[in-house]
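K.L.:
this one's sequence-less:
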Ligand SMILES: Nc1ncnc2c1ncn2[C@@H]1O[C@H](COP(=O)(O)OP(=O)(O)O)[C@@H](O)[C@H]1O
Ligand SMILES: [Mg+2]
């Protein structure tokens, strides 16, 4: 998944760069360069291609030995199985996709709503021990989820947040707020404080000045930051596995992982649900690709 | 009404003491100029008056009422920022309208006020553009229009003409003086350009390293500089300063020259002094009763006059002369001195010693 996002970013940025012909002194790409890039592309894209192929193969083609690359029968049965249960109702997988949408969406909104004003405050005001505070905020991201998941599990059990979507939303928001503050502080620093000063002399309050004059200039940064937060929440696996158990609460990553194992594994279904899982983020990253580039090349924001 | 009084303003940024006890009293309706070199604390002073900078100490009174803790909006001031700070997403029209929108004027009031301002500053054509599509001079006019569109207690202007080319700057100087006169409003105007200060101000406060050096009318600061630094900062070409001592009824220079000691000086014999002589009080063309001899060092023709550099001992005197003056470097010269207009400073403290007897 992370690979696909990187691709979305780099595809976008390539368009803004000098055309390849000029980059190499007018001779175009060298043969060696093309060869290396082709190898890289094959290595990177083959699993994705195989996943897509598997998701549209008939079951007997999926398990065929030797593997069939081209001459297989195309079917959309696996995709139907992702969304529709054998009895015709909603499948457990479709519920988990919906859960993922809710959990990732709400936690991202929460992290943005909390993180953007905090970043603004850190950028604009003289806060005591600002550097130490910012370092502390960032340090909460140093711990990998597996390290903190047990204490969080115990705490959540006390307050009844185990197997609860709210529990996941809160923990994802908590993980995304520091990231949002750090990303957004860079963007706020880029916007001259004098716009707000001028607005306050015009007669606006400080908050009105922020909302009317600074916030609109932060939209690209907010979009980029929110996409990263969204991708984190959407992909998150460890917390989701430990903190949820029932089909009605589970998000997609543990649900898809749960398809593997048992006596037989329905690889067609695994592949189809993986494709469905990957699509929204790809589409989203594509839509906001310009802003994403602004985000990864921090400091190049247009005023 | 529109008096602005800042008392004992102190502000430090880390180790930098930006304001070190700045006190200014701006009378109602005056064109009050704060003059100082870059880094003197001019912007910080204006921001403190506007309520944009939290002070370490000191108070700001507006119309006699303590406004030290008031929000910028409550102070009812308008400001032109050094960087203009035009809102980049808004059109020129919206920029100019912003102070009126913020204070909830009606749409028709706004429309007529913006029209009035755009006529006054000749920016009618620009109203639908955005700041990025404007030249420096145009941005500057828009920033002025945004400040002038309302009638606040006082206008604060931070080097509004600095970024303009010379011709436009001179035009805008006259224009601003005219606007000031027609509005009768209080202007606190910051600049690092002494010509601007002397030509526009009712009163000038001269600021250096966060301290007010002198406050007075342009004539006062030019004719009676409070210290050596003010004397050197105000005036072009800069005042010539010669090291000397008083000995009886004579001033004896480091290079051996002597001049009659002016009657008004109070310095005791032997004290290290600086004699300040302005270019227009020196002459190479006439003979006076007091003169210095030296050699021609260089000529600087400026069109309407020529500045003659004369070397006296190891020091250079700048002398104003007619544009027709000629000479070859190294040639011996007599420079007559109008001692009645000379300045004496204590070489240690830099303070003027000229006041007492005049
Ligand atoms: N926000 C700030 N942070 C740190 N130092 C500042 C800040 N604003 C001003 N200073 C410092 O304070 C001094 C006075 O600055 P300023 O008021 O901008 O001077 P001026 O407008 O006369 O050029 C300078 O040395 C400047 O570097
Ligand atoms: Mg300044």
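P.N.:
Nice, thanks for sending it over. As the structure is a computational prediction, the values presented were derived from the model and not from experiment. Ligands and ions are numbered 1, 2, ... in the order given.

K.L.:
Quick one: name the residues of the stretch 1-150 of chain B near chain A.
P.N.:
Residues of the stretch 1-150 of chain B lying near chain A by CB under 8 Å from any CB of the partner chain: B:47, B:50-52, B:54, B:71-73, B:77-79, B:81, B:83, B:85-89, B:98-99, B:101-103, B:146. C-beta: built from backbone N, CA, C; applies to glycine.

K.L.:
Now with 7 Å, please.
P.N.:
Within the stretch 1-150 of chain B, the positions near chain A by CB under 7 Å from any CB of the partner chain are B:50, B:52, B:72-73, B:77-79, B:81, B:83, B:85, B:87-89, B:98-99, B:102-103.

K.L.:
Looking at the residues you listed, which are in strands?
P.N.:
B:77-79 (DSSP state E).

K.L.:
now those as CSV including pLDDT, neighbour count and distance to residue B:180?
P.N.:
Shown next, in CSV, are these (pLDDT from 0 to 100; neighbours: other CB atoms under 10 Å in any protein chain shown; distance: CB to CB, whole Å):
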residue, pLDDT, neighbour count, distance to residue B:180
B:77, 96, 25, 15
B:78, 97, 25, 13
B:79, 96, 29, 15
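
K.L.:
Let's test this: mean pLDDT of stretch B:183-203, rounded?
P.N.:
Averaged over stretch B:183-203, pLDDT sits at 95.

K.L.:
So which bits of that stretch are buried?
P.N.:
B:185-194, B:196-198, B:200-201, B:203 (16 or more other CB atoms under 10 Å in any protein chain shown).

K.L.:
Stretch A:50-60 too?
P.N.:
Buried, per 16+ other CB under 10 Å, within stretch A:50-60: A:51, A:53-58.

K.L.:
That stretch: how far from the chain's middle?
P.N.:
Centre-to-centre, stretch A:50-60 and its host chain are 26 Å apart (CA atoms, centre = their mean, to the nearest Å).

K.L.:
same deal with stretch A:172-184?
P.N.:
With CA atoms, centre = their mean, you get 13 Å for stretch A:172-184.

K.L.:
go on, stretch B:74-90?
P.N.:
That offset, for stretch B:74-90, works out to 22 Å (CA atoms, centre = their mean).

K.L.:
Also stretch A:201-214?
P.N.:
When distances are taken as CA atoms, centre = their mean, stretch A:201-214 is centred 32 Å away from the chain's centroid.

K.L.:
so who does the spatially closest residue to residue B:255 that is not a sequence neighbour touch?
P.N.:
Of all residues not flanking residue B:255 in the chain, residue B:313 sits nearest, at 1.9 Å (CB to CB, 6 or more residues apart in numbering or on different chains). Contact analysis of residue B:313 by CB atoms under 7 Å, 6 or more residues apart in numbering or on different chains lists B:253-257.

K.L.:
just for the stretch 201-303 of chain A, where's the confidence low?
P.N.:
Within the stretch 201-303 of chain A, the set of residues satisfying pLDDT under 70 comprises A:292, A:294-303.

K.L.:
any idea how far residue A:265 is from chain B?
P.N.:
Note on residue A:265: its distance to chain B, by CB to the nearest CB, to the nearest Å, is 54 Å.

K.L.:
That residue: which element?
P.N.:
In the assignment (DSSP states H and E), residue A:265 maps to no helix and no strand.

K.L.:
Relative to chain B, how far out is the nearest residue to it once chain neighbours are set aside?
P.N.:
Excluding its sequence neighbours, the residue lying closest to residue A:265 (CB to CB, 6+ apart) is residue A:259, at 6.8 Å. Distance, residue A:259 to chain B, by CB to the nearest CB: 49 Å.

K.L.:
For the stretch 201-303 of chain A, list the residues in contact with chain B, please.
P.N.:
Counting by CB under 7 Å from any CB, the stretch 201-303 of chain A sits next to chain B at A:201-205, A:213, A:216-217, A:303.

K.L.:
which helix of chain A spans the most residues?
P.N.:
Counting residues, the longest helix found in chain A (DSSP state H) is helix A:92-124.

K.L.:
can you pull the buried residues of it?
P.N.:
A:92-97, A:99-100, A:103-104, A:106-108, A:110-112, A:114-120, A:122-124.

K.L.:
next one: stretch B:127-144
P.N.:
Neighbour-count burial for stretch B:127-144 flags B:127, B:130-131, B:134, B:137-144 (criterion: 16+ other CB under 10 Å).

K.L.:
who's in contact with that stretch?
P.N.:
B:80-81, B:84, B:86, B:88, B:91-93, B:95-96, B:118, B:121, B:123, B:126, B:160, B:163-164, B:168.

K.L.:
Now do the closest residue to chain A within the stretch 201-350 of chain B, the pLDDT please.
P.N.:
Nearest residue of the stretch 201-350 of chain B to chain A (CB to the nearest CB) works out as residue B:210 at 18.9 Å. Residue B:210 is assigned a predicted lDDT (pLDDT) of 96.

K.L.:
Name all residues that make contact with residue B:9.
P.N.:
B:19, B:22, B:45, B:48, B:55, B:58.

K.L.:
How about it: what's its closest non-neighbour residue?
P.N.:
residue B:58 (3.8 Å).
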